[in-house]
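# this is a predicted model, with the sequence first.
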Amino acid sequence: MAGAMGLLPKTVDALTDNITVMALTLVALLLGGSLKLGTLKSHGVDILVISAAIVLLTLGCVTTGLTLLGVDFSLAVVLASIATATAPAATMDVIKKRGISNRFTQIITGIVAIDDAWGLLTFSLCLAIASHLTGGTDPVAVAALYEIGGALFLGLMIGLPAAFLTSRIEQGEPLQIEELAVGFLTAGLAV
């Protein structure tokens, strides 16, 4: 928006896509780091059920609403899948500023972290469905498997070594340079 208004120099405006990808990757890295194994063990079912319900309800309501307004179904499904995304940075900021750590904040943190994963999976599936509905040649399952499988493969190939490197598995505190390197590597390979 600022680039369209001429407020940013063209050199900076050209970098906004890359900056956006980096920011989202680093927020996801921070969220993933805040979701501990103990939290998943004690609240995992609650987190998964609530986050799946949020995504499905949002997907259903937005798709229905857009379709009733006359939007093509394939476009409505894709737009609805985008609507499932949340603002994790704002939620995490409020929790951090309040300094409260209890069952509720642990579940909210888990929902926000898992919700973005659900959103990405939903977007990949809906994009494959929309592509198929508009005459795409790839079967829906193949297109979705390619997107989701590629993301899982990249996550495992980077995530496991990075978990050791940033002291997520062993005791210790990660260095900021290690976390930034993992974030930049992940974002670069994803793009």
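Here it is on my side, so go on.
# which other residues reach stretch 183-191?
The contact list for stretch 183-191 (Cβ atoms under 8 Å, 6 or more residues apart in numbering) reads 18, 21-22, 25-26, 29, 151, 154, 158, 162. To be clear about C-beta, it is placed using only N, CA and C from the backbone, and glycine gets the same treatment.
# same question for Ile100, what's its three-state structure.
Under DSSP: H, G, I helix; E, B strand; the rest coil, Ile100 falls in the coil class.
# quick check: buried residues in stretch 146-163?
For stretch 146-163, burial by neighbour count (16 or more other Cβ atoms under 10 Å) applies to 147, 158, 162-163.
# which of the contacts of stretch 183-191 scores worst on pLDDT?
Across the set of the contacts of stretch 183-191, Leu29 stands lowest in pLDDT, at 70.
# switch the contacts of stretch 183-191 over to a markdown table; also include secondary structure.
Written out in a markdown table, the entries for the contacts of stretch 183-191 read as follows (three-state DSSP):
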| residue | secondary structure |
| --- | --- |
| Asn18 | helix |
| Val21 | helix |
| Met22 | helix |
| Thr25 | helix |
| Leu26 | helix |
| Leu29 | helix |
| Ala151 | helix |
| Leu154 | helix |
| Ile158 | helix |
| Ala162 | helix |
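# list just the nearest of these to Gly60.
For the contacts of stretch 183-191, the residue nearest Gly60 by Cβ to Cβ is Ala151; the value is 23.8 Å.
# Leu120 is in contact with that closest one, correct?
Yes - the criterion here is Cβ atoms under 8 Å, and Ala151 meets it with Leu120 at 6.9 Å.
# what score does the closest residue in space to Ser124 that isn't next to it in sequence have for pLDDT?
If the residues on either side of it in the chain are set aside, Ser124 comes closest to Glu147, at 3.8 Å by Cβ to Cβ, 6 or more residues apart in numbering. Glu147 is assigned a predicted lDDT (pLDDT) of 72.
# now do the one 5 residues further on
Model confidence at Leu152, given as pLDDT, is 78.
# quick one on the thing from earlier: could the buried residues of stretch 146-163 go into CSV alongside distance to Ala90?
As requested, the buried residues of stretch 146-163 are exported to CSV (distance: Cβ to Cβ, whole Å):
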residue, distance to Ala90
Glu147, 27
Ile158, 26
Ala162, 26
Ala163, 26
